[in-house]
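Peer 1: here is my input; please provide its structure:
(chains A and B)
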Amino acid sequence: MGRIAALTRNPVMIALVAMLAIAGCASKKTPNNAADLGLNGAGAATPGSAQDFTVNIGDRIFFDTDSTSIRADAQTTLARQAQWLNQYKQYAIVIEGHADERGTREYNLALGARRAAATRDFLVAKGVSASRLKTISYGKERPVAVCDDISCWSQNRRAVTTLSGAGS
Amino acid sequence: MKSILKPLLMVAAMATGMTAVSTLPALALVELNVNKGNVEPLPIAITDFQGGDALGAQISQIITADLKRSGLFAPIDKSAFIEKITNPDAAPRFDDWKVINAQALVTGSVSKEADGRIRAQYRLWDTFAGQQMSGEQFFANDANQRRVAHIIADAIYERLTGEKGYFDTRVVFIDESGAKNARKKRLAIMDQDGANVRYLSDGRSIVLTPRFSPNRQEITYMSYESGQPRVYLLQIETGQRELVGNFPGMTFAPRFSPDGQKVIMSLLRDDGNSNIFAMDLRSRSTTRLTNSTAIDTSPSYSPDGSKVVFTSDRGGRAQIYVMGADGSGQTRISFGDGVYSTPVWSPRGDLIAFTKQTGGEFQIGVMKTDGSGERILSSGFQQEGPTWAPNGRVLMFFRDSAGGPKLVSVDLTGRNEQSIPTANFASDPAWSPLLE
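Peer 2: Predicted structure coming up:
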């Protein structure tokens, strides 16, 4: 929560949030890798940095309702992610799978897990070493958008590629 | 009443000067029929228990609240009472109670014993028959004042309906506070009416889906404390915790078997699908019950332990399936228009409660164990996760509205919905069994 507060006070991060958010929905960003890394957002992202990954590559993909297939737009994002991850091999990767609130808790934990696994499998198929990849499901426990309508739910059905390990 | 609650409570038939506790199932004054139209609540007068200063009135108040919330009783306002009870052991003036239409009357007294325990006794009178229906006394430690009242309410409920009560029970749940995108979740336990809340975790990790063991001493739940979400056991009184099994991936959706010897749960496979396993808590051996490339989760045993109901999306979208406890004969039972999940087998064995998503709504309903006879008890924008009262007559679930979830109960008629007061938001309720 401290991170959230810090985030909303930081104009650069607010701009980032606005960029990621889908219009028409008040959105707050959950702690993500960029915030975790305490970036100040000053200047352009250093190539190979976690900020570079989040801002220039895109750390997340979205899913259709109750679906775990990787959409065409998500495939483009993941291909970019794979290329970047193959270039910067110092990072270990955790893929978080999330679901929107329009499902029951346990089913959504399973759904989030399947989304994370589908994302992992796609990255592996694009040459990212499976040994660098871990997955975790948050089900519907960590929504990124908190209003109660379709635009928010679509942002919450996501898989987020987060960077950790020596390189971060 | 058969329960002897050692060492906290003792129950004994009333001694001299009192009609013996009825052992014959005399005619019930309240008929329980969930398929009947309107169940007319039974008008009942519950007088303040004599003695014990404020305690007497408090006990009467707790009994009154319990019986009223069941929807089966209509407690009469005390201001309408004509006779002032001065001797709760003497026969009341039945005419005074008949004239205000009190079909049943409760009198009682409470006192402190020399050893510090509280002694509470009650008598239940049938005013129209002009006779006592039952009378019992209970002893309790000072800390269990409310519990004595719940036990008396259960005794009255059982005597008047012919069914076990459910008031001397507790609920484990998740206390929720903070912003929706950074919710702090704490394991908590309380009495079924919302009193005596105790926190069992500190809120540093996400905790989900607590469920009681049959002996009420343990709960199994899911926690993110190790990073990877996993199923744990917690001894309520000692706070001792233990990981259930040592699986490579996420474990979730745990429940005890009816004999308390096993925990059944979902285990995430490496391919992203989830299957159902049972783990024997003594031998630590695990048995795989499902092996599908699908989501199989939310398993719940039948009360005799012979079957398991669960959710699976193997047919496309989530539906309810039943199988033998060894995984045999997996059969889909839900065929309605919508998505079904969170099946829970009734403690009576006759029904399965579920959450159904249809037409943009979340519904709480019940169906027979073969999937027939579906009835929706409650509909709302966002609600889920029914849990059964131990007598199989009432369900509790959680409903999200106005910023967060709160607990709600509904009876099997679907007509008596009650909110359960909690200080914060609350979700994932699980009702305790009755003590045997």
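Peer 1: shaky segments in chain A?
Peer 2: A:1-43, A:148, A:165-168 (pLDDT under 70).
Peer 1: would you mind listing what in it touches chain B?
Peer 2: A:1, A:4, A:28, A:30-31, A:66, A:68, A:101-107, A:109-111, A:113-118, A:121, A:135-139, A:141-146, A:148 (C-beta under 8 Å from any C-beta of the partner chain). Heads up, the C-betas are built off the backbone N, CA and C, glycines and all.
Peer 1: which ones among those residues lie within helices?
Peer 2: Counting by DSSP state H, these place A:4, A:105-107, A:109-111, A:113-118, A:121 in helices.
Peer 1: quick revisit: now list the buried members of the residues of chain A next to chain B.
Peer 2: Buried by 16 or more other C-beta atoms under 10 Å in any protein chain shown: A:4, A:28, A:30-31, A:66, A:68, A:101-107, A:109-111, A:113-118, A:121, A:135-139, A:141-146, A:148, out of the residues of chain A next to chain B.
Peer 1: count of residues packed around residue B:115?
Peer 2: Residue B:115: 7 surrounding residues under other C-beta atoms under 10 Å in any protein chain shown.
Peer 1: which SSE is the residue in chain B positioned nearest to chain A in?
Peer 2: Across chain B, the shortest distance to chain A (C-beta to the nearest C-beta) belongs to residue B:272, at 2.7 Å. For residue B:272, there is no enclosing helix or strand under DSSP states H and E.
Peer 1: list the contacts for the residue lying closest to it once chain neighbours are set aside?
Peer 2: Nearest non-adjacent residue to residue B:272, counting by C-beta to C-beta, 6 or more residues apart in numbering or on different chains: residue A:117, 2.7 Å away. Taking C-beta atoms under 8 Å, 6 or more residues apart in numbering or on different chains, we find residue A:117 in contact with A:97, A:135, B:270, B:271, B:272.
Peer 1: tell me which residues in stretch B:403-411 are buried?
Peer 2: For stretch B:403-411, by 16+ other C-beta under 10 Å, it's B:404, B:405, B:406, B:407, B:408, B:409, B:410, B:411.
Peer 1: also stretch B:109-118?
Peer 2: B:109, B:110, B:117, B:118.
Peer 1: quick check: the farthest pair among those residues?
Peer 2: Pairwise distances across these (C-beta to C-beta) peak at 14.5 Å, for the pair B:109 and B:117.
Peer 1: do you know how far residue B:291 is from residue B:168?
Peer 2: Counting by C-beta to C-beta, to the nearest Å, the gap from residue B:291 to residue B:168 is 42 Å.
Peer 1: neighbour-wise, which of these two wins?
Peer 2: residue B:168 (26 against 13).
Peer 1: now name the helix or strand holding the more buried one.
Peer 2: Using DSSP H and E, residue B:168 maps to neither a helix nor a strand.
Peer 1: residues touching it, list them.
Peer 2: With contact taken as C-beta under 8 Å, 6+ apart, residue B:168 is in contact with B:147, B:150, B:151, B:153, B:154, B:434, B:435.
Peer 1: what helix or strand is the last one located in?
Peer 2: Remark: residue B:435 resides in no helix or strand, with elements defined by DSSP H and E.
Peer 1: what's the per-residue pLDDT of it here?
Peer 2: For residue B:435, the pLDDT comes out at 74.
Peer 1: repeat that for the fourth one.
Peer 2: pLDDT for residue B:153: 97.
Peer 1: was I right to think it contacts residue B:60?
Peer 2: No - Residue B:153 lies out of contact with residue B:60 (C-beta atoms under 8 Å); the separation is 10.3 Å.
Peer 1: ok so, going back, give me the pLDDT for the residue of chain B closest to chain A.
Peer 2: Value listed for residue B:272 in the pLDDT field: 95.
Peer 1: how much space between it and residue B:80?
Peer 2: For residue B:272 relative to residue B:80 (C-beta to C-beta), the value is 64 Å.
Peer 1: okay, those two: which has more neighbours?
Peer 2: Each of residue B:272 and residue B:80 has its neighbours counted (other C-beta under 10 Å); residue B:272 has more, 25 against 11.
Peer 1: okay but the more buried one is in contact with residue A:116, surely?
Peer 2: Yes - using C-beta under 8 Å, residue B:272 makes contact with residue A:116 at a distance of 7.1 Å.
Peer 1: anything in contact with each of these two?
Peer 2: Shared contacts of residue B:272 and residue A:116, counting by C-beta under 8 Å, 6+ apart, come down to residue A:135.
Peer 1: quick one, helices of chain B?
Peer 2: For chain B, the helices defined by DSSP H occupy B:54-69, B:94-98, B:145-161.
Peer 1: format those helices as JSON lines; extra columns: distance to chain A and mean neighbour count.
Peer 2: Shown next, in JSON lines, are the helices of chain B (distance: least, C-beta to the nearest C-beta, whole Å; neighbours: other C-beta atoms under 10 Å in any protein chain shown):
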{"stretch": "helix B:54-69", "distance to chain A": "26", "mean neighbour count": "20"}
{"stretch": "helix B:94-98", "distance to chain A": "48", "mean neighbour count": "17"}
{"stretch": "helix B:145-161", "distance to chain A": "29", "mean neighbour count": "24"}
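Peer 1: okay if I get those helices as a markdown table plus distance to residue B:331?
Peer 2: As requested, those are exported to a markdown table (distance: least, C-beta to C-beta, whole Å):
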| stretch | distance to residue B:331 |
| --- | --- |
| helix B:54-69 | 37 |
| helix B:94-98 | 54 |
| helix B:145-161 | 34 |
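Peer 1: of all those, which lies closest to residue B:88?
Peer 2: The nearest among these, by C-beta to C-beta, is helix B:54-69 at 9.5 Å.
Peer 1: tell me how far that closest one lies from the chain's centre.
Peer 2: Put simply, helix B:54-69 sits 19 Å off its chain's centre (C-alpha atoms, centre = their mean, to the nearest Å).
Peer 1: what's near enough to touch residue A:80?
Peer 2: Residue A:80 touches A:57, A:58, counting by C-beta under 8 Å, 6+ apart.
Peer 1: that one - that's part of a helix, no?
Peer 2: Yes - applying DSSP: H, G, I helix; E, B strand; the rest coil, one finds residue A:80 inside a helix.
Peer 1: ok, it to residue A:158 distance?
Peer 2: Residue A:80 sits 16 Å away from residue A:158, going by C-beta to C-beta.
Peer 1: could you give the number of residues near residue 44?
Peer 2: The chain I'm using is chain A. Neighbour tally, residue A:44, other C-beta under 10 Å: 9.
Peer 1: ah, I was thinking of chain B
Peer 2: 26.
Peer 1: partner residues bridging the residue lying closest to it once chain neighbours are set aside?
Peer 2: Leaving aside its chain neighbours, residue B:44 sits nearest to residue B:104 (4.4 Å; criterion: C-beta to C-beta, 6+ apart). Note on residue B:104: beta-bridge partners residue B:44, residue B:126, judged by DSSP bridges.
Peer 1: give me every residue that touches residue B:104.
Peer 2: B:29, B:42, B:43, B:44, B:45, B:124, B:125, B:126, B:127, B:133, B:156, B:160.
Peer 1: isn't residue B:135 up against residue B:125?
Peer 2: No - in this structure residue B:135 lies outside contact range of residue B:125 using C-beta under 8 Å: 9.2 Å.
Peer 1: and stretch B:322-337, which residues are buried?
Peer 2: B:322, B:323, B:325, B:327, B:330, B:333, B:334, B:336.
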